[in-house]
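1. Coordinates only, no sequence provided:
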């Protein structure tokens with residue numbers, strides 16, 4: 001997989017991949033529509049250099065968004081197209097995110113994780129530090145794990 005900075009012209013394609021990937025966890029279209037403002041990748045985000053894509057055979061199959069913030073960066077998005085999951089591509093994207101953050105002096109990555117992604121981030125070495133209430137119609141008790149990876153502890 002080639003990982004490269006996203007191009008502004010790919011804005012709609014990247015956002016569509018995110019929505020499709022999020023939906024594979026069984027969220028309804030109505031719920032995904034409510035999350036569009038939080039999930040969509042904008043041209044400004046791409047132009048700022050915060051968005052990377054993973055591609056195979058010139059097809060975008062993964063996206064990550066990093067938000068630099070001093071020594072603790074935020075991993076805002078990491079999505080793999082549903083048809084490409086469970087092939088190690090998410091781990092490659094995560095490793096790339098850690099490498100970028102490390103190269104810029106970050107000591108940790110913070111992740112506001114979807115509950116379905118917690119096991120993935122835990123397997124990558126991130127620890128749950130708290131939760132945020134995130135009820136949805138289908139699950140009024142839903143919470144989003146708040147996770148942190150100490151970059152020095154990452155073995156990728």
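-> Everything's here; your move. The structure displayed is predicted, hence computed values, not measured ones.
2. Next, work out how far apart the residue nearest to the spatial centre of the chain and residue 113 are.
-> Among the residues of the chain, residue 78 comes closest to the average C-alpha position under C-alpha atoms, centre = their mean, at 1.8 Å. Counting by C-beta to C-beta, to the nearest Å, the separation of residue 78 from residue 113 is 9 Å. Glycine gets a C-beta too; all of them are placed from N, C-alpha and C.
3. show me where this structure has strands.
-> With DSSP state E applied, the chain shows strands at 2-5, 51-56, 59-67, 72-80, 108-112, 127-133, 143-150, listed in chain order.
4. Could you dump those strands into TSV with mean pLDDT and distance to residue 87 added?
-> Putting these into TSV (pLDDT from 0 to 100; distance: least, C-beta to C-beta, whole Å) gives the following:
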stretch	mean pLDDT	distance to residue 87
strand 2-5	97	14
strand 51-56	96	10
strand 59-67	96	9
strand 72-80	96	8
strand 108-112	97	21
strand 127-133	96	25
strand 143-150	97	22
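5. and for stretch 140-155, what are the contacting residues?
-> Contacts made with stretch 140-155 from outside it, assessed by C-beta atoms under 8 Å, 6 or more residues apart in numbering, are listed as 72, 95, 98, 101-102, 106-115, 118, 121-122, 124-136.
6. Pull out the buried positions in the lengthiest helix in the chain.
-> Counting residues, the longest helix in the chain under DSSP state H turns out to be helix 89-103. Within helix 89-103, the residues that count as buried by 16 or more other C-beta atoms under 10 Å are 89, 90, 92, 93, 94, 95, 96, 97, 98, 100, 101.
7. Now for those residues: which two are most distant?
-> Across those, no pair lies farther apart than 89 and 101, at 18.9 Å, counting by C-beta to C-beta.
8. Residue 73 bridge partners, please.
-> Residue 73 has these beta-bridge partners by DSSP bridges: residue 109.
9. That one: neighbour count?
-> Applying the criterion other C-beta atoms under 10 Å, we find 25 residues in the vicinity of residue 73.
10. Hmm, residue 66 and it touching each other?
-> Yes - in this structure residue 73 lies within contact range of residue 66 using C-beta atoms under 8 Å: 5.8 Å.
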